[in-house]
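*Asks:* model this:
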Amino acid sequence: MAVLVVVVCLFATLVGRLWYLQGVEARTPVVTQLANIGERTIYIPAPRGEIFDRDGVLLAGNHIEQVVTVEPGAELAHPAIVNELSALLGEPAARVSTAIESTQYSPYQPVPVAEGVDEQVVLSIDENRSLLPGVQVQAEPVRYYPDATEMANIVGYVYRITAAEYGAYKAEQCGKGIPCYQPTSLIGQAGAEATFENYLRGTPGKEVVEVDSRGDVLGTLAYTPPVPGDNIILSLSLADQESAIRSLQYGIKLARYGPNSTDTVSGQKFRAPGASMVVEDPRNGEILALATYPDYNPDYFIQPGGITTAEWDFYNNPANGYPMIDRAISTPYQSGSTWKLITATADLDYGLRGPYEYYDDTGSFTVGTQTFEDNADSGYGEVDLQEAITVSSDSYFYSLGYQFWQIWADEASHPEELQDIASQYGLGHYSGVDLPGESPGIVPSQQVFTREHQQYPKAYPNPYFGPGQEVQEAIGEGQDEVTPLQLADAYATFSNGGTLYVPQIALAVERPGTGGKPNGKIIRYFPPKVKDNVDMPGAASRAVMLAGFEGVTTDTGLGTAAGAFANFPLGEYPVAGKTGTAQVDGYCATESGCPPGDLPWPAYKQDTSVFASFAPADDPRFTVVGVFEQSGYGADVAAPAVEQEYMALFGLDHTHKTAATTTTAATGTATTGTAATGTATTGTATTGTATTGTATTGTATTRTATSGTATTGAAG
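*Replies:* Sure, this is the predicted structure:
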């Protein structure tokens, strides 16, 4: 019924315009002198398909609005209408004039000046037609986003097709003699709107009209109505997305105002400029939430006249954190100790050290003249693999990294075993998620080092794969860069026993529905896709790893996230996970004379807070990863924020915390404090197509030297 209403409204609009042109303008002396009658073809945009979440909640739809339009040329013939409309609409005359003069629309179609006007405006225009020649009010379908900012990075937005896009697509046909696009067409520019454009766009209608020598319409010769686009059903849940956003906001407040809000390295408050959270179903790769902070409002792109320059500048100002970048898929970070999943798997797969074999953690590890310190500056003594994961022993994993390098150096084939396992987990590759702008991240290898040396010989004078690189790589502090989505994929893969799925954001395509509701007539399903299979350790060895990850949240004496989960019902919903604290820059206390790689304040970037997890640990339904830029220890910010998300996912009786907060330092000591409230920054956008490329916020690509400098490791 809704589709029928849209089509009827479109037809009524055409009839109304023809009445105006023939019944009013035809009575003027100018157009009674008909000559050189010809034909013109007008293509009518199709109502766009709608986008729903997995529960049938509308995320992107069309509703009928009263739209004020002006006939082409009316402003030139009657300049006074600009001021009249300005007063009537309450808009500046300059903005009204700009909208009327927009080249975005066909010279044979009325130009929209205002959308969603109220009944009083409609009546005023009707009562003052003599003062507003060429001005009409038409009922038209308009794109809208009910939960605009919450789903912006996933749903995306539509905007006028660019010249480059039109050049690429202008020959594409949606029907016999009906091109899919015109120079004025709206097209998906980001998110699902862009990915599923071919389904959503529908088929334009076609009207052939008779015109005189001035181009005035005399009548309709042929008419083909537009065909609405198909609907898309996403895998995401709006409820899960909203809870993930609240969890991000909680973590941001905790980083900036909580009990551990001062960076002990620089002495400055944590900036916490951005963050992201991924919720994935490890059983099939379906993405349930993909939250990013800060976010943007797609409605600014679909307002009459498009997004303003000021709005676009806001979104592209570094001080505002680039809200249009989806940090969950586009920003690669060093992963810190969450990388130990990779090192532990490789260790057991290649038999470097048995799961029950003890290693003496003295608090540091030395290679030649270089010493690598544990973050805690103190050793844990004799630890096996389970305890090394639980307490996040850097030295245990440093030593494994050195063993992997020795194998590489000693064998003629130079096997890169640690890198191979990382690749199997999907790191260093595009995940295949159906969203534009994804980063593949990077897994450092001899090939990477050689390429860097060839491209930037001064910055990378050593082309060889040295032991320092592999030692730091083993704890996630090398040149490794992973996106939050890739990290979630890796932990989901371990939790399900070794199957790496392509992360999935869409479940199905269906026929157009009615009343903003799904149709239910599915025309295509998107089944789960297996991307790879990890060579998992044997059952007993994997059980040791799992026990280590569970100890992170349950071992009150040693677990790095035990404080964050102190009030969580782990007996009913066991959570396995790993904290990570990734050093981005070295800090230099002076403004000059800093060693290579060290930066003074404010150029210095603080540590990245990370927590990767899955639950229930014994039968996983959720994988949750939180990454917070310049926020400190993973135990202090990311882990408490993820705990909040699990509370929502399991439907536990709570509200997101805003005051008393329990966090855990690297030593596992619980600290209670108060988080201040704050407001998420919501911005606006641009006068063109948004760039959704890879961001490099919060990442470092520094390489370990082989001098005698002590290097601090990654905290849990």
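
*Asks:* Please tell me how far Ile307 sits from Lys269.
*Replies:* From Ile307 across to Lys269, the span is 33 Å (C-beta to C-beta, to the nearest Å). C-beta coordinates here come from the backbone N, C-alpha and C atoms, glycine included.

*Asks:* neighbour count winner among the two?
*Replies:* Per other C-beta atoms under 10 Å, whichever of Ile307 and Lys269 has more neighbours is Ile307, with 24 against 14.

*Asks:* Please confirm that the more buried one is located within a strand.
*Replies:* No - when classified by DSSP: H, G, I helix; E, B strand; the rest coil, Ile307 is found to be coil rather than part of a strand.

*Asks:* Give me the three-state assignment for Ile523.
*Replies:* Taken by three-state DSSP, the conformation at Ile523 corresponds to strand.

*Asks:* you'd agree Ala114 is in a strand?
*Replies:* Yes - according to three-state DSSP, Ala114 belongs to a strand.

*Asks:* partners of it in the sheet?
*Replies:* For Ala114, the residues forming beta bridges with it (DSSP bridges) are Val68.

*Asks:* from what I can see it touches Arg95, true?
*Replies:* No - with contact defined as C-beta atoms under 8 Å, Ala114 does not reach Arg95; the gap is 9.7 Å.

*Asks:* So between those two, which is more surrounded?
*Replies:* Neighbours around Ala114 and Arg95, counted as other C-beta under 10 Å, are more numerous at Ala114. The numbers are 23 against 16.

*Asks:* quick one, what contacts that one?
*Replies:* The contact partners of Ala114, taken as C-beta atoms under 8 Å, 6 or more residues apart in numbering, are 67-68, 89, 91, 99, 121, 304.

*Asks:* Which members of those are the farthest-apart pair?
*Replies:* Of all pairs drawn from the contacts of Ala114, the one with the longest distance (C-beta to C-beta) is Ala99 and Val121, at 15.0 Å.

*Asks:* and those two? which has more neighbours close in?
*Replies:* The residue with the greater number of neighbours, taking Ala99 and Val121 and applying other C-beta under 10 Å, is Ala99; the counts read 25 against 18.

*Asks:* mind listing what Gly538 touches?
*Replies:* Shown here is Gly538, whose contacts under the criterion C-beta under 8 Å, 6+ apart are Leu348.

*Asks:* Run a quick neighbour tally on Trp185.
*Replies:* Residue 185: Ser, not Trp. Ser185: 21 neighbours (other C-beta under 10 Å).

*Asks:* Hmm, I typed the wrong one, I wanted Glu242.
*Replies:* Other residues within reach of Glu242, judged by other C-beta under 10 Å, total 16.

*Asks:* what comes up buried for stretch 521-536?
*Replies:* With burial defined by 16 or more other C-beta atoms under 10 Å, the residues of stretch 521-536 counted as buried are 526, 531-532, 534, 536.

*Asks:* Select from those every entry located in strands.
*Replies:* With strands taken from DSSP state E, the overlap with those comprises 531-532.

*Asks:* would you list the buried residues of stretch 521-536 in JSON lines and tack on distance to Ser378 and pLDDT?
*Replies:* Formatted as JSON lines, the buried residues of stretch 521-536 follow (distance: C-beta to C-beta, whole Å; pLDDT from 0 to 100):
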{"residue": "Phe526", "distance to Ser378": "50", "pLDDT": "97"}
{"residue": "Lys531", "distance to Ser378": "41", "pLDDT": "97"}
{"residue": "Asp532", "distance to Ser378": "39", "pLDDT": "96"}
{"residue": "Val534", "distance to Ser378": "34", "pLDDT": "96"}
{"residue": "Met536", "distance to Ser378": "33", "pLDDT": "95"}
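
*Asks:* Is Val610 in a helix, a strand, or coil?
*Replies:* Assignment for Val610 (three-state DSSP): strand.
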